[in-house]
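Q: Give the three-dimensional model of this entry:
(one chain, ligands or ions: 1)
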Amino acid sequence: MSIANCEQCGRVILVNFDKRCKPCAELHLQETRKVKEFVRLHPRASIMDVYHQTGVSLQTIKEMI
Ligand SMILES: [Zn+2]
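A: Residues are numbered from 1 along each chain as shown. Below is the predicted model of the structure:
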């Protein structure tokens, strides 16, 4: 286990399995669900469509692809 900065908010965290602190990890999980649901309903949507419709950051969307 080592110390690093949260990938998202920069807070110092103990790194074990995630690169984010707990609040950011939870937010990320919610955003992931939102994107998955949107893509399921709109299979032909582009990354930009997903971005504009869900409000999830491009970085998060690209991580999922
Ligand atoms: Zn964070």
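Q: so Glu31, which of the three states?
A: Under the three-state scheme (DSSP: H, G, I helix; E, B strand; the rest coil), Glu31 adopts helix.
Q: Quick check: it vs Gln8, distance?
A: Distance of Glu31 to Gln8, computed by C-beta to C-beta, to the nearest Å: 10 Å. No exception for glycine: its C-beta is placed from N, CA and C like everyone else's.
Q: Also Glu63?
A: From Glu63 to Gln8 the distance is 11 Å (C-beta to C-beta).
Q: So for the two, which residue has more residues nearby?
A: Gln8 (17 against 12; other C-beta atoms under 10 Å).
Q: got a list of what the closest residue to that one other than its chain neighbours touches?
A: Spatially, and ignoring its direct neighbours in sequence, Gln8 is nearest to Cys24 (4.0 Å; C-beta to C-beta, 6 or more residues apart in numbering). Residues in contact with Cys24, defined by C-beta atoms under 8 Å, 6 or more residues apart in numbering, are Cys6, Glu7, Gln8, Cys9, Arg11.
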